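In: Sequence first, then the predicted structure:
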Amino acid sequence: MVPDKPSPILTAQGLTALGNTPTHPGTVDAAVSSDGRHLYARTGVDGVVDEFAVDPDGSLTALGSQTVPQGVGGEGIVAF
């Protein structure tokens, strides 16, 4: 979806960083839910998926994390 007007994070010049949000070590991939309300970051070091809420201003709020069985060293993630 393309916004009708530029948002604080997406402009005609590209994306603007809002800050840093820590994850577990070794982040290898990330995916956003289809409704744009959640971001999931996959880490290869520990096999953990970190979950974040995407706030209206584009910042992230950590919601928790889940260890993926046999996920150490894995790559790739899909969100629906």
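Out: On my side now, so go ahead.
In: CA only for contacts and neighbour counts going forward, please
Out: Fine.
In: which residues touch the closest residue to Thr21 other than its chain neighbours?
Out: Nearest residue to Thr21, sequence neighbours excluded (Cα to Cα, 6 or more residues apart in numbering): Leu60, at 7.0 Å. For Leu60, the contact set (Cα atoms under 8 Å, 6 or more residues apart in numbering) comprises Thr21, Phe52, Ala53, Val54.
In: Give me the buried subset of those residues.
Out: Phe52, Ala53, Val54 (16 or more other Cα atoms under 10 Å).
In: pLDDT and distance to Glu75 for those - can I get that in JSON lines?
Out: Listed next are the buried ones among the contacts of Leu60 as JSON lines, based on pLDDT from 0 to 100; distance: Cα to Cα, whole Å:
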{"residue": "Phe52", "pLDDT": "94", "distance to Glu75": "19"}
{"residue": "Ala53", "pLDDT": "95", "distance to Glu75": "22"}
{"residue": "Val54", "pLDDT": "91", "distance to Glu75": "22"}
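In: what's the closest of these to Gly64?
Out: Phe52 (7.3 Å; Cα to Cα).
In: what stretches of the protein score poorly on pLDDT?
Out: Applying pLDDT under 70 to the chain flags residues 1-11.
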